[in-house]
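K.L.:
Sequence and predicted structure are below.
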2 protein chains.
Amino acid sequence: MHTTQPLYGGIEAGGTKWVCAVADADGDLVATDVIPTTTPDETITATVRFFREHRGLSAIGVGSFGPVDLRPGSPAYGHITSTPKPGWAHTDVVSPLRAALDVPVGLDTDVNAAALGEWRHGAGRDLDTVVYMTVGTGIGVGAVVNGRLLHGLLHPEFGHVRVPRDPARDAFAGSCPFHGDCLEGLASGEAMRQRWGRRAESLDDPAAWELEAEYLAHAVMNLTYTLSPERIIIGGGVAKHPGLMARVRARAFDLAAGYPTTPPMTDATLMDEYVVSPSLGDHAGITGAIELGRLSTISGKKGCS
Amino acid sequence: MHTTQPLYGGIEAGGTKWVCAVADADGDLVATDVIPTTTPDETITATVRFFREHRGLSAIGVGSFGPVDLRPGSPAYGHITSTPKPGWAHTDVVSPLRAALDVPVGLDTDVNAAALGEWRHGAGRDLDTVVYMTVGTGIGVGAVVNGRLLHGLLHPEFGHVRVPRDPARDAFAGSCPFHGDCLEGLASGEAMRQRWGRRAESLDDPAAWELEAEYLAHAVMNLTYTLSPERIIIGGGVAKHPGLMARVRARAFDLAAGYPTTPPMTDATLMDEYVVSPSLGDHAGITGAIELGRLSTISGKKGCS
């Protein structure tokens, strides 16, 4: 049905599924669909079919798995670049959607979309500088800094920072094909599966979760000392393990060792407000993708919010 | 002499000396002075005396050693907070200058001032996201992100991130009183002095500088994966050691292991443009301090530049 109210589309483009949604100007969802990620052609064609059912679409936003080329003016802008996912390396995501649907297409990383969603409508509301970290099969970080998404040269690839590993405690050399024992290589769901021989969901050895908390606490302090965010939001499947967030907060507080001498490092109870779960739950990504669509229609979208 | 052209003052407020300068609207220096850092009273009084010689001063900017409280509305705004420097903890820097000179006083960290200076007038010109790291007695980072200084909850305290240390290669447990072997605890001039028993300036053991390059390369990659800057500028006394920057670039390129598959990680020669020395040399800090003064007179100084 044609409507005069603007509608915005969002795509949470993941490696196993594309979550598609249409929302009205208030952000209320009008329709959703889940499309399995098969080949680029099949997946994009099914996505286009879904959005064609909704006339009056003003724009679409995409929060994509990556790395993605976000450099304005780059010949590969809008492409997923070097993903190990078969068939998807060097796939242009933006052009086919824009060509088929004839609307502006906003693109960012899946984690930047989630950061944007939580910042606009969730746990990061009313703050200037917020980090969103997802801990699932992989580890990624998106960030809003001074009210704008962090891009720089490319976009954060925080899963690949190095964190200290004590071989006496953790002999696992890490699962990252590039770096071995970077953060993702040590603390992602895939790393846990390789180290412990079972999936994180079915793992209840307390030592496994102590170690996981150790690495994530290092990640929290690394983010703290580099970006100085006002809040760190940790989402993703692995982060849902009961008790994990409390352990991460406690261990991060210990690692800070009282430095800097400002909250929350001065009072352990303040860590509950500093390291939090996404208040949009699993909807942070799609909420942010819709917001990316809305922003793509606003002239000067790169300006201050 | 009274002049109708606006003049701006800058103070590079360090732990051993305060470098003071007055510049005209074009940024050209009109006068400079160096005041030893003794007690807060003495130092600030001598500073006020210098600036009183220059009528027509529109504002002053201060790039200060820290940590400093930069939170607008905080009761401790403008204070140096928890420094170990005797007599200086919890010193209000901004109020006495403002009271005595009756001009706006802009304040930021010494490294944020240097980052601002290099971004406006030096090696970071025309870029959006630039990091300045100083490696001297201590290690600090300032950053311009999307054209604005990075503050967040406090300001970056990047000297305190953890980097991997292999005890078989480096048995030194680190010099940081809070964290032991954080980056500053391993790679600052003070850490080198404690580990090798002599000052960095007089140290020419190649193994010492290989190890220094190792830690600084980890710092470069950590900054890359977290902030995704377009350029990393490394200043400070230790960074001047001949050949060190080349080693840092080469080792960082190795550590990246080709990820992400975008420049400069695709071509080692591009690292020369990515990791650079400050083009303002030792003047980055005072240049940025003057700029902080100028910005403090501009309404909406926190807006996009």
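P.N.:
On my side now, so go ahead.
K.L.:
Looks like residue A:212 contacts residue A:192 (just checking).
P.N.:
Yes: at 6.8 Å, residue A:212 and residue A:192 qualify as touching, with contact defined as Cβ atoms under 8 Å. No exception for glycine: its C-beta is placed from N, CA and C like everyone else's.
K.L.:
near chain B, which residues of the stretch 101-250 of chain A show up?
P.N.:
Within the stretch 101-250 of chain A, the residues that sit near chain B (Cβ under 8 Å from any Cβ of the partner chain) are A:128-129, A:141, A:145-146, A:148, A:150-165, A:178-179, A:218, A:221-230.
K.L.:
which non-adjacent residue is nearest residue A:77?
P.N.:
The shortest distance from residue A:77 to any non-neighbouring residue, by Cβ to Cβ, 6 or more residues apart in numbering or on different chains, is to residue A:69 (5.5 Å).
K.L.:
Distance of that neighbour relative to residue A:197?
P.N.:
Distance, residue A:69 to residue A:197, using Cβ to Cβ, to the nearest Å: 37 Å.
K.L.:
Between these two, which is the more surrounded one?
P.N.:
residue A:69 (23 against 8; other Cβ atoms under 10 Å in any protein chain shown).
K.L.:
Can you show me the strands along the stretch 201-305 of chain A?
P.N.:
Remark: strands assigned in the stretch 201-305 of chain A by DSSP state E, counting those that start in this stretch are A:231-235, A:275-276.
K.L.:
how about the first one as PDB, C-alpha atoms only?
P.N.:
Taking Å, rounded to 0.1, in the frame of the first residue of the first chain, the C-alpha atoms of strand A:231-235 are listed here in PDB:
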ATOM      1  CA  ARG A 231      29.800   3.600  28.700                       C
ATOM      2  CA  ILE A 232      30.800   0.300  27.300                       C
ATOM      3  CA  ILE A 233      27.900  -1.900  26.000                       C
ATOM      4  CA  ILE A 234      28.700  -5.600  25.500                       C
ATOM      5  CA  GLY A 235      26.300  -7.600  23.400                       C
END
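K.L.:
tell me the average confidence for it?
P.N.:
Averaging pLDDT along strand A:231-235 yields 98.
K.L.:
helices or strands next to it in the packing?
P.N.:
For strand A:231-235, the packing partners by 3 or more Cβ pairs under 8 Å, 6 or more residues apart in numbering or on different chains; DSSP states H and E come out as helix A:110-121, strand A:130-135, helix A:206-227, helix A:271-274, strand A:275-276.
K.L.:
Check what pLDDT the one residue sitting closest to the centre of chain A gets.
P.N.:
Centroid check for chain A by Cα atoms, centre = their mean gives residue A:111 as the closest residue, at 1.8 Å. Predicted confidence (pLDDT) for residue A:111: 97.
K.L.:
beta partners of the residue nearest to it when sequence neighbours are not counted?
P.N.:
Nearest non-adjacent residue to residue A:111, counting by Cβ to Cβ, 6+ apart: residue A:142, 3.5 Å away. Note on residue A:142: beta-bridge partners residue A:132, judged by DSSP bridges.
K.L.:
wait, which of the helices and strands packed on strand A:231-235 is closest to residue B:84?
P.N.:
Closest of the helices and strands packed on strand A:231-235 to residue B:84 is helix A:206-227, at 17.7 Å (criterion: Cβ to Cβ).
K.L.:
and the angle for that closest one with helix B:206-227?
P.N.:
Orientation of helix A:206-227 against helix B:206-227 (axes from the mean of the first three to the mean of the last three Cα atoms, to 10 degrees) gives an angle of 90 degrees.
K.L.:
ok, and for helix A:206-227, which residues are buried?
P.N.:
The neighbour-count check on helix A:206-227 (16 or more other Cβ atoms under 10 Å in any protein chain shown) flags A:208-209, A:211-227 as buried.
K.L.:
any idea of the mean pLDDT for that helix?
P.N.:
Mean pLDDT, helix A:206-227: 98.
K.L.:
which secondary structure elements does it contact?
P.N.:
In terms of contacts (3+ Cβ pairs under 8 Å, 6+ apart), helix A:206-227 is packed against strand A:130-135, strand A:139-145, helix A:183-187, helix A:189-196, strand A:231-235, helix A:244-256, helix B:206-227.
K.L.:
tell me how far the third one is from the chain's mean position?
P.N.:
Between the mean C-alpha point of helix A:183-187 and the mean C-alpha point of its chain there is a distance of 16 Å (Cα atoms, centre = their mean, to the nearest Å).
K.L.:
what residues does that helix touch?
P.N.:
With Cβ atoms under 8 Å, 6 or more residues apart in numbering or on different chains as the test, helix A:183-187 has contacts from A:135, A:138-139, A:158-163, A:165, A:170, A:172, A:174-176, A:179, A:190-191, A:212, A:215-216, A:218-219, A:238.
K.L.:
Which entries within these meet the buried criterion?
P.N.:
Among the contacts of helix A:183-187, those classed as buried by 16+ other Cβ under 10 Å are A:135, A:138-139, A:158-163, A:165, A:170, A:172, A:174-176, A:179, A:190-191, A:212, A:215-216, A:218-219, A:238.
K.L.:
returning to that earlier point: tell me the contacts of the residue nearest to residue A:111?
P.N.:
Residue A:142 sits next to A:108-116, A:131-132, A:149-150, A:155-156 when contact means Cβ under 8 Å, 6+ apart.
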